[in-house]
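> Need a 3D model of the sequence below.
(chains A and B)
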Amino acid sequence: AQSVTQLGSHVSVSEGALVLLRCNYSSSVPPYLFWYVQYPNQGLQLLLKYTSAATLVKGINGFEAEFKKSETSFHLTKPSAHMSDAAEYFCAVSTSGGYQKVTFGIGTKLQVIP
Amino acid sequence: DAGVIQSPRHEVTEMGQEVTLRCKPISGHNSLFWYRQTMMRGLELLIYFNNNVPIDDSGMPEDRFSAKMPNASFSTLKIQPSEPRDSAVYFCASSEGGDNQPQHFGDGTRLSIL
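Presented below is the predicted three-dimensional model:
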């Protein structure tokens, strides 16, 4: 079984401040991990993915995430928040086994304060 | 490169009516997913197709819901009869298949059942 926990359903940061969105996963086998972003009235878009090639993954729009096996975490960060980063962010986990079932977290809404 | 195309974008109908949502996946993708998103329950997987065959429909709420994929370029999700509690945003997503492949989402259909 696999699961994802996103800590904090709402996060507020000031423009220019560090963005940190937390994600912890549970998986009995090595996982594939994803971060998606959803803007209002749109579908989810891939930000970045971890597939075991490198523990620090860089994505679009200046975001990156670090896979830490010992902490079962895959937190998303961005050094300096921009107003356009205001959106909902979803962490997701997938495991190998021939069936591409992805489990999504509940989502974290990021508010950027000018 | 065309993304996942869903229609209609918005649907408002009365309770008891039949509703059909449509999805055109990205060409070459062999996996297709239908999701439902609500404030209360977040993003829920309804059904997953691989090579046009339903693999997992355990998320389909009840017999009022049905989904088909007659060919690689088209899928439908049907609700008959519709009920107010079916009101939600329904997303279709496709992927190349494989556990490490991201899903590409359409912009969704916002369904309101009066």
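> For chain B, which segments count as helices?
Assigned helices in chain B: none (criterion: DSSP state H).
> Which residues of it lie near chain A?
Within chain B, the positions adjacent to chain A are B:4, B:31, B:42-43, B:45, B:48, B:50, B:55-56, B:91, B:93, B:95, B:97-108 by C-beta under 8 Å from any C-beta of the partner chain. No exception for glycine: its C-beta is placed from N, CA and C like everyone else's.
> which of these are buried?
B:4, B:31, B:43, B:45, B:48, B:50, B:56, B:91, B:93, B:95, B:99-108 (16 or more other C-beta atoms under 10 Å in any protein chain shown).
> and the residues of chain B next to chain A, which of them are in strands?
B:31, B:42-43, B:45, B:48, B:50, B:55-56, B:91, B:93, B:95, B:104-105 (DSSP state E).
> so where is chain B shaky, pLDDT-wise?
Applying pLDDT under 70 to chain B flags residues B:1.
> Burial check on A:Ile113, number of neighbours?
11 (other C-beta atoms under 10 Å in any protein chain shown).
> so it touches A:Gly16, yeah?
No: the criterion here is C-beta atoms under 8 Å, and A:Ile113 misses it with A:Gly16 at 10.1 Å.
> Which single residue of chain A approaches chain B most closely?
A:Gly43 (3.1 Å; C-beta to the nearest C-beta).
> can you tell me how far that residue sits from A:Tyr25?
With distances taken as C-beta to C-beta, to the nearest Å, A:Gly43 is found 23 Å from A:Tyr25.
> Over to B:Met39?
Counting by C-beta to C-beta, the gap from B:Met39 to A:Tyr25 is 24 Å.
> Can you pick out the residue with more neighbours from these two?
Set B:Met39 next to A:Tyr25 and count neighbours by other C-beta under 10 Å: A:Tyr25 wins out with 20 against 7.
> Sheet partners, orientation included, of the strand or helix carrying the more buried one?
Counting by DSSP states H and E, the element that carries A:Tyr25 is strand A:19-27. The strands beside strand A:19-27 in its sheet (DSSP bridges) come out as strand A:2-7 (antiparallel), strand A:73-78 (antiparallel).
> that older thread, so how many other residues sit close to the residue of chain A closest to chain B?
A:Gly43: 22 neighbours (other C-beta under 10 Å).
> Quick check, the residue in chain B closest to chain A?
B:Phe105 (3.1 Å).
> Pretty sure B:Ile5 sits against B:His104.
No: judged on C-beta under 8 Å, B:Ile5 makes no contact with B:His104 at a distance of 10.9 Å.
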